[in-house]
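Undergrad: Quick one, fold the following:
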Amino acid sequence: MKTLVAPSMLSADFGKLAEETRRVELAGADWIHLDVMDGHFVPNLTVGPGVVKALRPVTRLPLDVHLMIENPERYLEVFVEAGADRITVHAEACADLARTVKKVRSAGAQVGVALRPRTDWKVLSGCLEAIDLALLMTVNPGFGGQAFMPEVLPKIEALREVFDRHIQVDGGINDKTAAQTRSAGADVMVAGTYLFRAADVRQAIASLRGEP
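TA: Now for the predicted structure:
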């Protein structure tokens with residue numbers, strides 16, 4: 001399975017977000033990853049649907065929206081209307097995960113489900129056939145720049161044995177940790193700090209794929 005790279009715009013310069021989006025697209029990114037945090041599910045507060053709408057005409061890449069919010073089902077339609085191609089919700093934030101997954105699909109977007117590092121992947125067992133992506137957080141969600149948690153690697157391996165679609169990893173991803181997660185079975189790398197602080201973004205993206 002081809003390795004895809006989804007730059008996390010949380011680490012971009014928010015004063016020139018459109019330019020930063022174009023920069024990573026030209027450097028070879030596959031998706032644009034947008035972290036939405038509400039200050040409740042996680043302690044940080046970030047962007048809303050207005051930013052998704054502003055970036056939609058800026059790039060041809062899929063907008064990969066990660067909702068780290070409570071009661072995500074309340075906001076699914078507004079993010080799809082704003083231009084989200086894929087919406088990932090946290091299993092821990094959903095009162096009825098199967099119903100939320102169906103609601104994302106009916107709103108017209110692809111659907112992903114995210115898990116915190118200590119959440120057992122088996123909570124996905126009832127909806128694996130209904131989702132396009134499983135996001136296994138490799139740090140505790142809420143802030144960029146955290147250290148990668150290698151204890152998630154066995155969870156990636158176990159999930160890959162039963163799931164043949166995208167496994168995305170997010171948190172502390174760089175060339176070395178990307179290699180570890182690729183070996184375990186992940187195929188979508190979300191990276192923020194590593195990419196946006198790189199001297200050569202194109203080379204950094206290639207390194208996440210394991211390319212020279």
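Undergrad: three-state assignment of residue 29?
TA: Using DSSP: H, G, I helix; E, B strand; the rest coil as the criterion, the local structure at residue 29 reads coil.
Undergrad: Tell me which stretches of this structure form helices.
TA: 17-26, 49-55, 76-82, 97-107, 153-160, 175-184, 193-196, 201-209 (DSSP state H).
Undergrad: quick one: which of those is nearest residue 41?
TA: Proximity of those to residue 41 was assessed by CB to CB; the nearest stretch is helix 97-107, lying at 13.6 Å. Where you see a C-beta, it was placed from the backbone N, CA and C, and this is true even at glycine.
Undergrad: okay, and for the chain, where does confidence drop off?
TA: Within the chain, the set of residues satisfying pLDDT under 70 comprises 142-145.
Undergrad: quick one on the thing from earlier: select, out of the helices of the chain, the one closest to residue 138.
TA: Per CB to CB, nearest to residue 138 of those: helix 175-184, 7.1 Å.
Undergrad: just to revisit the earlier point, do you know which of the helices of the chain lies nearest residue 126?
TA: Comparing these against residue 126 with CB to CB, the closest turns out to be helix 97-107 (6.1 Å).
Undergrad: Using neighbour counts, pick out the buried residues of that closest one.
TA: By neighbour count with 16 or more other CB atoms under 10 Å, helix 97-107 contains the buried residues 97, 100-101, 103-105, 107.
Undergrad: Would you mind putting the helices of the chain into CSV with distance to residue 42 alongside?
TA: Rendered in CSV, the data for the helices of the chain read as follows (distance: least, CB to CB, whole Å):
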stretch, distance to residue 42
helix 17-26, 21
helix 49-55, 17
helix 76-82, 17
helix 97-107, 18
helix 153-160, 20
helix 175-184, 21
helix 193-196, 17
helix 201-209, 24
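Undergrad: Figure out which of the ones you listed is closest to residue 88.
TA: Closest among these, once you apply CB to CB, is helix 97-107, at 8.8 Å.
Undergrad: Which secondary structure elements does the closest one sit against?
TA: Contacts defined by 3 or more CB pairs under 8 Å, 6 or more residues apart in numbering; DSSP states H and E place helix 97-107 against helix 76-82, strand 86-90, strand 110-115.
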